[in-house]
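A.B. asks: using only what follows, build the 3D model:
(2 chains)
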Amino acid sequence: QQQVKQSPQSLIVQKGGISIINCAYENTAFDYFPWYQQFPGKGPALLIAIRPDVSEKKEGRFTISFNKSAKQFSLHIMDSQPGDSATYFCAAGKRSGGSNYKLTFGKGTLLTVNP
Amino acid sequence: GAVVSQHPSWVICKSGTSVKIECRSLDFQATTMFWYRQFPKQSLMLMATSNEGSKATYEQGVEKDKFLINHASLTLSTLTVTSAHPEDSSFYICSAPRTLETQYFGPGTRLLVL
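C.D. replies: Purely as a prediction, here's the structure:
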C-alpha cells in the first residue's frame, strides 16, 4: 500500500517557468509534510515543510500548498532555474513513539529545467 | 555546511563479507537516527530507527540479523551489513533529527557487493 503518492514522475520546465509537483496521502495520522531535494549521488536536503494547520507556506521561490480535506499537498517552484534540476521527494511524517517523526516518502519527481 | 556525515561514501566488497557504515551528527546530539535504503531512481525506504542506549527498531520486512545497528553515542550510529550479497548493493542513507520535526540527511553510502 503506497501511503504517499507523488506525481508526475518526471517534469520538464523551461527556465523561468513554474514547476508544480503534487502529492497525496491516505493516513490522517500524518501531521508533518516536508519536501526534499536530491541531486545524483547525494543525500536529500530539506527544502520546505508544512504542518496541516496551515494552507500555504512560502520560502523564497518555493511554496507549499496544503489541502487538508483532500489530503493533498503540492510544491510550486517559481522562476525555475537550471540549477533546480534534481529529484524532488515529498514526505509525510507522524510521531514515532511520541518523539521524532518517522517519514514516508513519495516515489520522487525528476525535474529538468531547460535553459 | 553538512550537519550529518557518513563514512565511507563508497564501498565495494566481496560477497559474504560484512560492511560497516558510520553516521555522525556533527554539531548536535541525536538520540535517534534513521537508516534508509534507496535503489537507483527510486524512493527512500526506511529500514530502521536507531536509538541511543537501546535496541534499534526495524521496519517490517527488514532482517535485523542482516542489518545490525548500534547507536554508540549521542553523535554516532553504525549500520553493519552482515554477510553481504549482491542484492544488498544499494545506496544507504542515514538521517538525524535536529528538532522533533527537522531531519537532516547524510550524503549517503553507496555499497556494491561483488
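A.B. asks: list the buried ones in stretch B:102-114?
C.D. replies: B:102-111, B:113 (16 or more other C-beta atoms under 10 Å in any protein chain shown). In this view, the C-beta of every residue, glycine as well, is placed from N, C-alpha and C.
A.B. asks: tally of neighbours for B:Leu68?
C.D. replies: B:Leu68: 16 surrounding residues under other C-beta atoms under 10 Å in any protein chain shown.
A.B. asks: in space, what's closest to it - neighbours in sequence excluded?
C.D. replies: Residue nearest to B:Leu68 in three dimensions, not counting chain neighbours: B:Thr80, with 4.2 Å by C-beta to C-beta, 6 or more residues apart in numbering or on different chains.
A.B. asks: other SSEs contacting the strand or helix carrying the one you found?
C.D. replies: Take DSSP states H and E as the rule and B:Thr80 turns out to sit in strand B:76-81. Contacts defined by 3 or more C-beta pairs under 8 Å, 6 or more residues apart in numbering or on different chains; DSSP states H and E place strand B:76-81 against strand B:19-25, strand B:32-38, strand B:44-51, strand B:67-73, strand B:90-97.
A.B. asks: just put those in a markdown table and tack on mean pLDDT.
C.D. replies: A markdown table is the format used below for the helices and strands packed on strand B:76-81 (pLDDT from 0 to 100):
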| stretch | mean pLDDT |
| --- | --- |
| strand B:19-25 | 96 |
| strand B:32-38 | 95 |
| strand B:44-51 | 93 |
| strand B:67-73 | 93 |
| strand B:90-97 | 95 |
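A.B. asks: how about the residues of chain B near chain A?
C.D. replies: With C-beta under 8 Å from any C-beta of the partner chain as the criterion, chain B meets chain A at residues B:4, B:6, B:32, B:34, B:41-46, B:49, B:93, B:95, B:97, B:100-108, B:110.
A.B. asks: nearest residue to the residue of chain B found nearest chain A other than its sequence neighbours?
C.D. replies: With distances taken as C-beta to the nearest C-beta, chain B approaches chain A most closely at B:Phe105, which sits 3.8 Å away. Setting aside the residues directly before and after it, B:Phe105 is nearest to A:Gly43 in space (C-beta to C-beta, 6+ apart), at 3.8 Å.
A.B. asks: now A:Pro34
C.D. replies: A:Ala49 (3.7 Å).
A.B. asks: surely that neighbour touches B:Thr102?
C.D. replies: Yes: if you go by C-beta atoms under 8 Å, A:Ala49 and B:Thr102 touch, sitting 7.5 Å apart.
A.B. asks: excluding covalently adjacent residues, which one is nearest to the most centrally placed residue in chain B?
C.D. replies: Nearest to the geometric centre of chain B sits B:Trp35, at 3.9 Å (C-alpha atoms, centre = their mean). What sits nearest to B:Trp35 in space, not counting adjacent residues and going by C-beta to C-beta, 6+ apart, is B:Met47, at 4.7 Å.
A.B. asks: the lowest-mean-pLDDT helix or strand in chain A and chain B in contact?
C.D. replies: The weakest-scoring helix or strand in chain A, judged by mean pLDDT, DSSP states H and E, is strand A:101-105 (a mean of 91). Yes: in terms of C-beta under 8 Å from any C-beta, part of strand A:101-105 sits within range of chain B, namely A:101-105.
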